[in-house]
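> Could you look at this predicted model? Sequence included:
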Amino acid sequence: MIFQIKTLSKNPNWAPQLHSRETMGGAGRSRTQRKHFRQNRQNVWKRSKSDPDPSSLSSDKPQTTHWTPFETQNPSFDSYYKEQRIVDPQEWEQFVAILRTPLPASFRINSSSQFADDIRSQLENDFVHSLRAEVVEGGETEAIRPLAWYPGNFAWHSNFSRMELRKNQTLERFHEFLKLENEIGNITRQEAVSMVPPLFLDVHPDHFVLDMCAAPGSKTFQLLEIIHQSTKAGSLPDGMVIANDLDVQRCNLLIHQTKRMCTANLIVTNHEAQHFPGCRLNKNKNYEKMESDHNIHQLVFDRVLCDVPCSGDGTLRKAPDMWRKWNSGMGQGLHSLQVLIAMRGLSLLKVGGRMVYSTCSMNPIENEAVVAEVLRRCGGSVELVDVSSELPQLIRRPGLKRWKVYDKGSWFVSSKDVPKFRRSVILSSMFPSGIRYQDLGDSNCNADTGDDITSVVNGKAEDGIEALENPVMSESAEASNFPLEHCMRIMPHDQNTGAFFIAVLQKVSPLPALLEKPSTIIDEPNVEPPNHSLEDAQTPQINSSETTLEEVLAVPEENVNDNIYNTEDLEVITCEEQNSEEAKEPHNAENTEKKVPGKRKLQSQGKWRGVDPVLFFKDEAVINSIKDFYGIDERFPFNGRLVTRNSDMSHVKRIYYVSKSVKDILGLNFSVGQQLKITSVGLKMFERQTAREGSSAPCAFRISSEGLPIILPFITKQIVHASPVDFKHLLQDKDVKFTDFADAQFGEKAANLLPGCCVVIMAKASTVATESFEVDESTIAIGCWRGRARLSVMVTAMDCQEMLERLLIRLDTEKGSSGHVGKLSDDVGGEVQPVQELNDKNDDDVKAAVS
Ligand SMILES: C[S@@+](CC[C@H](N)C(=O)[O-])C[C@H]1O[C@@H](n2cnc3c(N)ncnc32)[C@H](O)[C@@H]1O
């Protein structure tokens, strides 16, 4: 076994032991041994059991259970950050020691899930105790616990790294639980510090929120949770989120992540954040006005999350390969992009609105320097908010007021010291005072001539950073005049996390006129976004624009990280989930001609290359047939809220539903000539039945399981209530004859439904006759197919499994025993068979599909 879980420290903030250079294959090792360590660099924390234990290569075995098989050393890193004084010199050893240990896994319960309370009590009543007994020595320490600083006990911390969770058999049941609930959307596995920025955004359910650099979407999901948290059954919040990312492939991960939320209040876009369109409606121009009833005239947001691309050295505990790659240029190369993105965010923010700027980097050039530059440019119209009284239990440190800039062997303390030939790379905005080069007199610009530069602290190495005995930062470096102490630095050794930087900004008045204007360079419709080149060629980027989907998927689980990738346990969908679905539609003679190679795609394209159009679905005949079949109450707002991605309205396969807020933005987008490049929008509400499912059914569209909770309170026909016993029977068998239900009355009612899609609600009482049928947030319902002689469920195997588990726990609890998740696997045998397979076995002509 790789881990000795029982030897985990009892202290939840345990201080790991430092690996010496010797034990990690450094000096003193043979050439072969060092080569072995080099080869293992890519496999850190993902070694298979059959691989040789690297510690066996060393005569002096590691003293800790948390060894890593490669050198977690980078002298440049140490020198750079010692010089920057990001921690006190006395703390240095503790700081780097924790950076060299794997990050404990953390996760968050989806506060808007109808099962949030069930999940929390399962964690509290089952896992806390069982894990303590099973894996922690002496049984005294909690192996999992809620994060004290996260409101409502929704976020949890474990004492296990991701690899421990995956590899250790004792933890298997817990790991399975995390995987299933994560896939369903009841929990999100996310690094604890990455959950902090959305909390400081102070989002309300009626807010319009822009998440500028959103992929893979952990924070977007969190924003949606907040927006949906107190939503009542059948209603939608007034607010919405636009989640944007430059990288198409990462956008697809984002779409997959947020799909778990089943929200109608989200638009996913694909723009360079620094040029995000403002969609300002110019009334003088005669745009083709496709929608007239929207009431917004430009995009402005109540909240903006600016979680920018960064060097990511705060994630070293999850991505230890970064030890090898790290150099100070990584942060410097991103600085100007970060400033541009933040500035665009502020220009799209309402006066009075809040923007959070965050990075998972510890580098002041990407953090305090960016915030200072933004404040400088905004000239008093934006303030840095003191949030020290918010989330008091979160341990954080004030932002730095002083720092230096390193370039090619030299430390600079002021912009005036930078040689002219380096001024296109080392920008004046990187310095605390930000004195611009153009404001410097020639007498100060003597670097070109090699004259004496008194305030440059010279280093020695070209390839690494040689720190001099740092005098005292306060004496050598200039200080910023802005209250940068209001920024927050979260350090790994303070509460056993990764590192993060967060600044909360408030727009108090309009920006200076020039900055408030919509961006002059906007992405050209139908043109691929240009590759922006960074100023410094040495700079590697973590913005992943060069990352292929394959690379994304190939990332080892333990390296998964929302700033790089967050795909653990994700069943990865193909790109353009929404776009490509229309392409799979059956074609009749009429549209066959569109299949001419190279032509069809062009014709189905919207304004943006590779992205299908977003169109309002207004086919009254179809809408009325749906309304009649399901008896949908007039109060359900259909009007203008249905959207499709297929311009051929007669062959629409999927119909999406959008909130009023999203509808308004789509309307605005049409009016301004579709400036927004929308890759995903809306909640799949209706899906056309395939021929296999029964073309004889009176209604051509079934209700999708994602959309069901929204429309459920408004459905008056094709709906039946099953006792918990019959409901469980359906979930377990997927396919039950009318005559086989325990409650014969229920079987009869089901038989009396029209053929096709129907809804089965689980009654609370065991006898359905006594039940009052009010739909509320706790109502459990599934879509089914009423065939000739039986009911078949139309829910994915995964959803079925989850629902069954919840049901069993509830029934168990009602009987007085404590819930026991293990029962589920026994009952359903782990893998639930897809409904399609089961249906293939029955004699019905109608085949229900997995929704
Ligand atoms: C730190 S990650 C974002 C993590 C995300 N907020 C989350 O919580 O899951 C930065 C993201 O910025 C994206 N990105 C890089 N350059 C960008 C740009 N110019 N505009 C928009 N997004 C960009 C990257 O593709 C990456 O997904």
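Good, I have the coordinates.
> ok, residue 782 - contacts?
Taking CB atoms under 8 Å, 6 or more residues apart in numbering, we find residue 782 in contact with 705, 708, 730, 731, 759, 760, 793, 794, 795, 803. Heads up, the C-betas are built off the backbone N, CA and C, glycines and all.
> how about the strands in the stretch 601-750 of the chain?
615-616, 642-644, 654-657, 678-681, 683-688, 701-703, 719-722, 735-737 (DSSP state E, counting those that start in this stretch).
> Next: the stretch 401-550 of the chain.
Under DSSP E, counting those that start in this stretch, the stretch 401-550 of the chain gives strands at 405-407, 410-412, 457-458, 488-490, 500-507.
> Lowest average pLDDT across those strands?
When the strands of the stretch 401-550 of the chain are ranked by mean pLDDT, strand 457-458 comes last with a mean of 44.
> Give me the three-state assignment for residue 354.
strand (DSSP: H, G, I helix; E, B strand; the rest coil).
> which residues pair with it across the strands?
residue 303, residue 506 (DSSP bridges).
> Surely it is in contact with residue 201?
Yes: counting by CB atoms under 8 Å, residue 354 does reach residue 201; the two are 6.1 Å apart.
> Read off the pLDDT value for whatever residue of the stretch 651-800 of the chain ends up closest to the ligand.
Of all residues in the stretch 651-800 of the chain, residue 677 sits closest to the ligand, at 11.9 Å by CB to the nearest ligand atom. If you check residue 677, the pLDDT there is 96.
> Look at the nearest residue to it once chain neighbours are set aside and say how many residues are nearby.
Once flanking residues are discounted, residue 677 sits nearest to residue 608: 4.4 Å by CB to CB, 6 or more residues apart in numbering. Neighbours of residue 608 under the rule other CB atoms under 10 Å: 22.
> Can you tell me which of the strands of the stretch 601-750 of the chain is nearest to residue 360?
strand 678-681 (24.5 Å; CB to CB).
> Between residue 354 and residue 201, which has more neighbouring residues?
A side-by-side neighbour count of residue 354 and residue 201, using other CB under 10 Å, places residue 201 first with 25 against 22.
> what's the strand or helix carrying residue 761 packed up against?
Taking DSSP states H and E as the definition, one finds residue 761 inside strand 756-762. Packed against strand 756-762, as judged by 3 or more CB pairs under 8 Å, 6 or more residues apart in numbering; DSSP states H and E, are the following elements: strand 701-703, strand 719-722, helix 724-733, strand 781-786, strand 790-793.
> what lines up beside the fourth one in the sheet?
Take DSSP bridges as the rule and strand 781-786 pairs in its sheet with strand 756-762 (antiparallel), strand 790-793 (antiparallel).
> Would you mind finding the most buried of the ones you listed?
Most buried of the strands paired with strand 781-786, by mean neighbour count (mean count of other CB atoms under 10 Å): strand 790-793, with a mean of 27.
> Now the helix or strand that comes right after it: average pLDDT?
Downstream of strand 790-793, the next assigned helix or strand under DSSP H and E is helix 797-814. Mean pLDDT, helix 797-814: 80.
> what's the spacing between residue 133 and residue 170?
10 Å (CB to CB, to the nearest Å).
> I figured residue 494 hits residue 397, correct?
Yes: in this structure residue 494 lies within contact range of residue 397 using CB under 8 Å: 7.5 Å.
> Look at these two and report which has more neighbours.
Neighbours were counted for residue 494 and for residue 397 using other CB under 10 Å; residue 494 has more, 19 against 14.
> hang on, the earlier thing: can I get the helices and strands packed on strand 756-762 in JSON lines with mean pLDDT and distance to residue 212?
Compiled in JSON lines, the helices and strands packed on strand 756-762 are given as follows (pLDDT from 0 to 100; distance: least, CB to CB, whole Å):
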{"stretch": "strand 701-703", "mean pLDDT": "95", "distance to residue 212": "34"}
{"stretch": "strand 719-722", "mean pLDDT": "94", "distance to residue 212": "42"}
{"stretch": "helix 724-733", "mean pLDDT": "93", "distance to residue 212": "41"}
{"stretch": "strand 781-786", "mean pLDDT": "94", "distance to residue 212": "36"}
{"stretch": "strand 790-793", "mean pLDDT": "94", "distance to residue 212": "40"}
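> Including distance to the ligand, could those go into a markdown table?
Shown next, in a markdown table, are those (distance: least, CB to the nearest ligand atom, whole Å):
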| stretch | distance to the ligand |
| --- | --- |
| strand 701-703 | 31 |
| strand 719-722 | 38 |
| helix 724-733 | 33 |
| strand 781-786 | 31 |
| strand 790-793 | 33 |
